[in-house]
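Q: Structure, please.
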Amino acid sequence: MPPLPDRKPDSKQALGTAGEDLAATYLQSRGYRIVERNYRRRWGEADIIAVDADGTQVIVEVRSRSDRRYAVEAAQSVGPRKQRQLRRLAHGWLAEQESEIDIRVDVMIIAPDHSGRLAVVAHIQDAIEDEPIDD
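A: Sure thing, here's the model as predicted:
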């Protein structure tokens, strides 16, 4: 994994990639096993799929911001449409794995700390309630 930047990245895409790298490192340091990154299907993308220390599969949505003042907005930006998309991805992942293991959706917020380096601002576990999927 490439080293994380000392300063916040210049482009939105670079910020997103750096945020996802930091989120994956953070999760691994807490006993998660990263199973897949950037899992894409026609209805959307999951930034990270991991398995936590208890064996629960986790879809992780990473929201990176270039300014810490917008960290709260980042959590709120996972609106109803994105929540439906994440639930659909979670159910699709389980179906592909032919698994009935528990799965949850977490949201991680990444933003610069006071020195300008990216940091994990929040890891919101079980951030999205599971509801039936409407096709």
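Q: Could you use CA atoms for every contact and neighbour count after this?
A: OK.
Q: Now L118: closest residue in space that isn't a chain neighbour?
A: Closest residue to L118 apart from its sequence neighbours, by C-alpha to C-alpha, 6 or more residues apart in numbering: P112 at 4.1 Å.
Q: Next, count neighbours for the one you found.
A: 23 (other C-alpha atoms under 10 Å).
Q: Model confidence for it, exactly?
A: P112 is assigned 87 on the pLDDT scale.
Q: Next, I59: secondary structure please.
A: Recorded secondary structure, I59: strand (DSSP: H, G, I helix; E, B strand; the rest coil).
Q: I'd like to know how far it sits from E20.
A: 13 Å (C-alpha to C-alpha, to the nearest Å).
Q: Identify the contacts common to these two.
A: Common neighbours of I59 and E20 are listed as 47-48 (criterion: C-alpha atoms under 8 Å, 6 or more residues apart in numbering).
Q: wait, what's in contact with the residue nearest to L118?
A: Contacts for P112 (C-alpha under 8 Å, 6+ apart) come out as 8, 65-68, 118-119.
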